[in-house]
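Trainee: model this:
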Amino acid sequence: MSSAPLAIPNPTRDRMAAGDVALGMNVRLGHNGDIARIAKATGHDFIFIDMQHSLFATETVGHIAQAALGCGISPMVRVRTPEDPNVPLLLDNGVTGIIFPDVETAEDARRAVNAAKFAPVGTRSVCGGYPYFNYAPTPLTQTIPAMNAATLVVCMIETMKGLQNVEEIAAVDGVDVVHVGANDLLTSMGKPGQFGDPEIMAAIERVIDVAKAHGRYSGFGGDRNVERQVSLIRRGARFVTTQTDIGFLMAEANRVTGSLRTALAAKAA
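Mentor: All right, here's what the predicted structure looks like:
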């Protein structure tokens, strides 16, 4: 009797495959594994470690990824470009998904897939002793398909050019998620910060429909309005970021200090 194929848990992939929405916390401030446990405890399925806009050393990201794997949350990293040379290094050391910004063409998407997936899907280089298998010697015939299945390739649509080419991007074999970066796309539209504008809403809805037609998952981030988030999730978005760790900290800090000052002012009156 043959043994069952290896499988690497990926809560984000599993949640989306079940037809549910996976929620992620953008990580810019947290620089140790505690942030993964906090994200898990607050109902998130993945952390979105932002190496594009924040100062993270690759070793730090590796430690956060190890903590995330240990507590059952998907460690995902936004790199700098589709050509970022750190992609295979991050994946070799515990990361289970790469978020590629500024994907504008099918060729960009193919470069992303090549960097993140092993043959026959991509061209990622192999090594031995992967953390997903506790560094135990494991045949590549088993590890390669398991890691390809567990590794999510997320292509971000952040420009009008990317939106124009979204059909071709979604059609690239190996792309798992097509994700709208609302902040940058609005800026590309000449409407920075105008969340809820009909043009951006139509763009996100189009990406949702295109992704579904090609058998991909869709997502969006940047717009923190819960009502709009719910509407787009009901429309079919399955990969959604809730807020940054900085945003959560600021919101709660403002709530507490505001409540204290309001209470003190009322008592003084």
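Trainee: low-confidence stretches in this structure?
Mentor: For the chain, applying pLDDT under 70 flags the ranges 1-3.
Trainee: ok, which stretches of it are helices?
Mentor: 11-17, 34-41, 58-71, 87-92, 106-116, 140-150, 160-164, 166-170, 182-188, 198-213, 226-235, 245-268 (DSSP state H).
Trainee: go through those and name the closest to Ile49.
Mentor: helix 58-71 (5.7 Å; C-beta to C-beta). Quick note: C-beta positions are derived from backbone N, CA and C, even for glycine.
Trainee: and that closest one with helix 34-41, angle?
Mentor: Relative orientation of helix 58-71 and helix 34-41, computed by axes from the mean of the first three to the mean of the last three C-alpha atoms, to 10 degrees: 30 degrees.
Trainee: just to revisit the earlier point, take the helices of the chain and lay them out in JSON lines including distance to Phe133 and mean neighbour count.
Mentor: JSON lines is the format used below for the helices of the chain (distance: least, C-beta to C-beta, whole Å; neighbours: other C-beta atoms under 10 Å):
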{"stretch": "helix 11-17", "distance to Phe133": "18", "mean neighbour count": "19"}
{"stretch": "helix 34-41", "distance to Phe133": "20", "mean neighbour count": "19"}
{"stretch": "helix 58-71", "distance to Phe133": "11", "mean neighbour count": "18"}
{"stretch": "helix 87-92", "distance to Phe133": "12", "mean neighbour count": "21"}
{"stretch": "helix 106-116", "distance to Phe133": "18", "mean neighbour count": "22"}
{"stretch": "helix 140-150", "distance to Phe133": "7", "mean neighbour count": "16"}
{"stretch": "helix 160-164", "distance to Phe133": "36", "mean neighbour count": "18"}
{"stretch": "helix 166-170", "distance to Phe133": "32", "mean neighbour count": "21"}
{"stretch": "helix 182-188", "distance to Phe133": "37", "mean neighbour count": "20"}
{"stretch": "helix 198-213", "distance to Phe133": "31", "mean neighbour count": "18"}
{"stretch": "helix 226-235", "distance to Phe133": "34", "mean neighbour count": "14"}
{"stretch": "helix 245-268", "distance to Phe133": "30", "mean neighbour count": "11"}
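Trainee: now those helices in JSON lines, with distance to Tyr130?
Mentor: Formatted as JSON lines, these follow (distance: least, C-beta to C-beta, whole Å):
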{"stretch": "helix 11-17", "distance to Tyr130": "17"}
{"stretch": "helix 34-41", "distance to Tyr130": "19"}
{"stretch": "helix 58-71", "distance to Tyr130": "11"}
{"stretch": "helix 87-92", "distance to Tyr130": "7"}
{"stretch": "helix 106-116", "distance to Tyr130": "14"}
{"stretch": "helix 140-150", "distance to Tyr130": "6"}
{"stretch": "helix 160-164", "distance to Tyr130": "32"}
{"stretch": "helix 166-170", "distance to Tyr130": "29"}
{"stretch": "helix 182-188", "distance to Tyr130": "33"}
{"stretch": "helix 198-213", "distance to Tyr130": "29"}
{"stretch": "helix 226-235", "distance to Tyr130": "33"}
{"stretch": "helix 245-268", "distance to Tyr130": "28"}
